[in-house]
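A.B. asks: Sharing a sequence plus its predicted fold:
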Amino acid sequence: MSEQPASEGTPRAAAFFDLDKTLMAGSSGMQFARIAAKQGIVGRGQLASWGWEHFRYRLRGTTDARTAEVLKVARELIAGVSEKTIDRMGPEVMAAILPRVFPQMLEEVYAHQDAGRPTFIVSAAGNGVVEQLAHVLGMDGGIGTRYEVDGEGNFTGRLDGPFVYGEGKVTAMEEFAARHGIALAESYAYSDSLSDLPMLRAVGNPVAVNPDPPLAAIARDEGWQTLRFERLGRRLVALAVTLLATIAGFGASRVAGRRKPPPRRLYARR
């Protein structure tokens, strides 16, 4: 988490934003996985599996069981990888995420800041990605999942704190709020998914963003504000592009492996 100085006097309100399918279209984890595959951290088979999971996620959301399984695999994959290697992937990961950020959500972020409320991303994604994205977007900080690093600078595969998902988001938000003088009862939270119901109910002003059907029903029954701007057609186009990009990536890597270098004279002409 980015460390902001604790406020003096009366606790202030803030705005907390989920990342995947709320601040951005799709999953930040899938963008990270594609970059990790280029580094040899993630295999082609695993990337294909996650690509299919991402396809389903964009259509129907996810479940606690699927999320737990993805986390388990991710922890196993990064065990023994140096923290420096992951940090150096940051710029490329940002380049993949930024075009997917919803302009409408940035307007919400800046409106809160103009009203004097600090803004934070709260996500199950790795804390490094979350903090870096918050900084690039001009937000006040990020709260993500931390992974343990050993004395040699390598990831152990264990968590260093709560998994920032479901009830874990509430735990992280409460700890953050206590340190920084934030009143959750006066704050705002934004999310698209039923899995973030604990996060939404932890604040006084929950907002559903392009909600999945279960969350939409709760938002309607409880009179929560709802933002809708991602239409089905645009979502299906994005899904098709994601799937084709994944397939093309596999094909390109295979072709590149088989392709012979052109004659030297062609390089001279170029």
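C.D. replies: Right, received. Where do you want to start?

A.B. asks: If I follow the layout properly, Lys181 ends up in contact with Pro11?
C.D. replies: Heads up, residue 181 is Gly, not Lys. Yes - using C-beta atoms under 8 Å, Gly181 makes contact with Pro11 at a distance of 4.9 Å. C-beta coordinates here come from the backbone N, C-alpha and C atoms, glycine included.

A.B. asks: Which elements pack onto the helix or strand hosting Arg158?
C.D. replies: Using DSSP states H and E, Arg158 maps to strand 155-159. The contact analysis (3 or more C-beta pairs under 8 Å, 6 or more residues apart in numbering; DSSP states H and E) places strand 155-159 against helix 64-78, strand 147-149.

A.B. asks: Least confident of these, on average?
C.D. replies: Among these, helix 64-78 carries the lowest mean pLDDT, a mean of 64.

A.B. asks: can you map out the helices along the stretch 151-270 of the chain?
C.D. replies: Counting by DSSP state H, counting those that start in this stretch, residue ranges of the helices within the stretch 151-270 of the chain are 167-180, 197-201, 213-222, 232-258, 264-269.

A.B. asks: Out of the ones you listed, which gets the lowest mean score?
C.D. replies: helix 264-269 (a mean of 37).

A.B. asks: quick one, helices of the stretch 1-150 of the chain?
C.D. replies: For the stretch 1-150 of the chain, the helices defined by DSSP H, counting those that start in this stretch occupy 28-38, 44-60, 64-78, 83-88, 90-97, 103-114, 127-136.

A.B. asks: and those, which one's lowest on average pLDDT?
C.D. replies: Across the helices of the stretch 1-150 of the chain, the lowest-scoring stretch is helix 44-60, with a mean of 50.

A.B. asks: Can you tell me the closest non-neighbouring residue to Thr10?
C.D. replies: Ala183 (7.9 Å; C-beta to C-beta, 6 or more residues apart in numbering).

A.B. asks: Repeat that for Val136.
C.D. replies: Here the residue nearest Val136, using C-beta to C-beta, 6+ apart, is Met94, at 5.9 Å.

A.B. asks: what's the distance between that neighbour and Gln31?
C.D. replies: 9 Å (C-beta to C-beta, to the nearest Å).

A.B. asks: out of these two, which sits in the busier spot?
C.D. replies: More neighbours surround Gln31 than the other of Met94 and Gln31, with 24 against 17 (other C-beta atoms under 10 Å).

A.B. asks: Just give me the neighbour total for the closest residue to that one other than its chain neighbours.
C.D. replies: Nearest residue to Gln31, sequence neighbours excluded (C-beta to C-beta, 6+ apart): Ala96, at 3.9 Å. As a burial measure, Ala96 scores 15 neighbours (other C-beta under 10 Å).

A.B. asks: Can you tell me how far Ala96 is from Ile121?
C.D. replies: Taken as C-beta to C-beta, the span from Ala96 to Ile121 is 16 Å.

A.B. asks: Repeat that for Thr145.
C.D. replies: Here Thr145 is placed at a distance of 12 Å from Ile121 (C-beta to C-beta).

A.B. asks: Give me the more crowded residue out of these two.
C.D. replies: Ile121 (28 against 25).

A.B. asks: Quick one: residues contacting that one.
C.D. replies: Neighbouring residues of Ile121 by C-beta atoms under 8 Å, 6 or more residues apart in numbering: 16-19, 23, 130, 133-134, 139, 141-144.

A.B. asks: residues contacting the residue nearest to it when sequence neighbours are not counted?
C.D. replies: For Ile121, ignoring the flanking residues on the chain, the nearest one in space by C-beta to C-beta, 6+ apart is Gly142 at 4.5 Å. Going by C-beta under 8 Å, 6+ apart, Gly142 touches 1-2, 120-123, 127, 130-135.
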